[in-house]
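Colleague: pasting the sequence and the predicted coordinates here, then a few questions.
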Amino acid sequence: MEIRQTVSEWKQMVIPALKSKAEELEMMGYSQATPEDVWSCLVQKVWKGAPEKRLYEIVQDILHLASNTYLSYLTRSSYQDDNLMASIAALTGEKKEI
């Protein structure tokens, strides 16, 4: 019997795989990688919504997530951040003038 559910319905079952992928990305230099970020990246870049998949397909997608796909997700997220200039100022140590 094949069980297909939307990706969001599988989320609790795949948390160990998400944690593993976040740790892998951390070792590759993405120090802020979290399981939630990995999940959001997959939803936005790989699955593009909430398709129905089998459990093994979800785990496969998580473990095969390419670092360049994750970097693209991070870049796009930073452009959509309302406080981008504040983030840049915080990173460079500059004071933001109003």
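Modeller: Happy to help now that I have it. Numbering: from 1, shown residues only.
Colleague: list the contacts of stretch 35-53.
Modeller: With contact meaning CB atoms under 8 Å, 6 or more residues apart in numbering, stretch 35-53 is reached by 4-8, 10-11, 15, 18-19, 21-22, 25, 61-62, 65, 69-70, 72-74, 76. Backbone N, C-alpha and C define where each C-beta goes, glycine included.
Colleague: just the buried residues of those.
Modeller: The neighbour count (16 or more other CB atoms under 10 Å) marks 7, 10, 18, 21-22, 25, 61-62, 65, 70, 73-74 as buried among the contacts of stretch 35-53.
Colleague: now the residues you listed in TSV, with secondary structure?
Modeller: Shown next, in TSV, are these (DSSP: H, G, I helix; E, B strand; the rest coil):
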residue	secondary structure
V7	helix
W10	helix
L18	helix
K21	helix
A22	helix
L25	helix
D61	helix
I62	helix
L65	coil
Y70	helix
Y73	helix
L74	helix
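Colleague: which of these sit farthest apart?
Modeller: Using CB to CB, those reach their maximum pairwise distance at W10 and L74, which is 23.5 Å.
Colleague: spell out the residue ranges of the helices in the chain.
Modeller: Ranges of helices in the chain, per DSSP state H, are 7-10, 15-27, 35-41, 55-63, 67-80, 84-92.
Colleague: the fifth one: how far from the chain's middle?
Modeller: Once both centres are worked out by CA atoms, centre = their mean, to the nearest Å, helix 67-80 turns out to sit 9 Å from its chain's centre.
Colleague: just checking, what packs against that helix?
Modeller: If you count contacts as 3 or more CB pairs under 8 Å, 6 or more residues apart in numbering; DSSP states H and E, helix 67-80 packs onto helix 35-41.
Colleague: okay, the helix it packs on in CSV with CA atoms only?
Modeller: Extracted in CSV, the C-alpha atoms of helix 35-41 (Å, rounded to 0.1, in the frame of the first residue of the first chain):
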residue,chain,number,x,y,z
PRO,A,35,16.1,22.5,10.1
GLU,A,36,13.3,25.1,9.6
ASP,A,37,15.4,27.0,7.0
VAL,A,38,16.0,23.7,5.2
TRP,A,39,12.3,22.9,5.2
SER,A,40,11.4,26.4,3.9
CYS,A,41,14.0,26.1,1.2
